[in-house]
Every structure is written in structure tokens, then in C-alpha cells.
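K.L.:
output the structure for:
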Amino acid sequence: MVGPRVSAGTNDHVIGTTTLGSDRESYTAMLGDPQVPTPARESLQISQFTTAGELKSPFSFVEANDTGAETTVEVKWKAPKTVPGGAAGLPVTFTFVVRDNRGGTDWTTRAACVVP
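P.N.:
Numbers count the residues shown, from 1 in each chain. The predicted structure is shown next:
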């Protein structure tokens, strides 16, 4: 398998997902008292899945008040303790599903190989 290789039973691997500021819709909200038109940007929810091992959290978020041109959210992953099949290694797939507040969805998949 081509891609990153990690040893079985290791912990605290950091997986980052980067979103662009342009990935989030800008809109005008009426805020304050009295209400005034205020520029805002939607937030994103990232659902995180893996076929083996354990992710520290099932979700990450890009908050609405994040004004960065790029935002990277990170989650820690613990590799499985054993590798069925031995020396050949265990392919592990990571899927990240991004949702906005308007019903928009996108996703990506990445892979790694867990070796004994």
C-alpha cells in the first residue's frame, strides 16, 4: 500500500483537515440592539470516521468567527494494537465529511497502512 505507514499500538497521531475561508458562505445577519446589518460567515462541522483504530473525537468544527484564509482542524488517532494478516499491514481509511448550515456537504478520504 502506498501512503503513510504507522506502527500498530502507537498513539497520538495528528490528522489535520484544512478548509479555505472561501469554503464558507458569507451572509449578513441582523445583530445588536438596535439591530444592524453585520457581515458573518457560516460555520462548518467535520465528521471524522476511520475503518480501524480510534479517533479522539467524532467531530471537529470551524467556527463562524474564524476569519482565517485557511483553517486547519486536527484530531488525534490511535492505531489499532494488532495487525490481522501480519507483515502485509492493515490498510486504514479515514473519511472526513464537511457540512455547512445550508445543507451543503463535501467529503474526502485518505489512507494509511498500519504495520506490526
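
K.L.:
so what's residue 91 up against?
P.N.:
For residue 91, the contacting residues are 1, 51, 111-113, by Cβ atoms under 8 Å, 6 or more residues apart in numbering. C-betas here are computed from N, CA, C, even on glycine.

K.L.:
switch these over to TSV; also include neighbour count and secondary structure.
P.N.:
Listed next are the contacts of residue 91 as TSV, based on neighbours: other Cβ atoms under 10 Å; DSSP: H, G, I helix; E, B strand; the rest coil:
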residue	neighbour count	secondary structure
1	14	coil
51	12	coil
111	13	strand
112	23	strand
113	16	strand
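
K.L.:
determine which two of those residues are furthest apart.
P.N.:
1 and 51 (12.9 Å; Cβ to Cβ).

K.L.:
what is the burial count for the closest residue to residue 87 other than its chain neighbours?
P.N.:
Residue nearest to residue 87 in three dimensions, not counting chain neighbours: residue 116, with 6.3 Å by Cβ to Cβ, 6 or more residues apart in numbering. Residues near residue 116, counting by other Cβ atoms under 10 Å, number 13.

K.L.:
now do residue 116, the pLDDT please.
P.N.:
Here, the pLDDT recorded for residue 116 equals 89.

K.L.:
could you point out which residue ranges in the chain have low pLDDT?
P.N.:
1-2, 85-86 (pLDDT under 70).

K.L.:
alright, that wraps it up for me.
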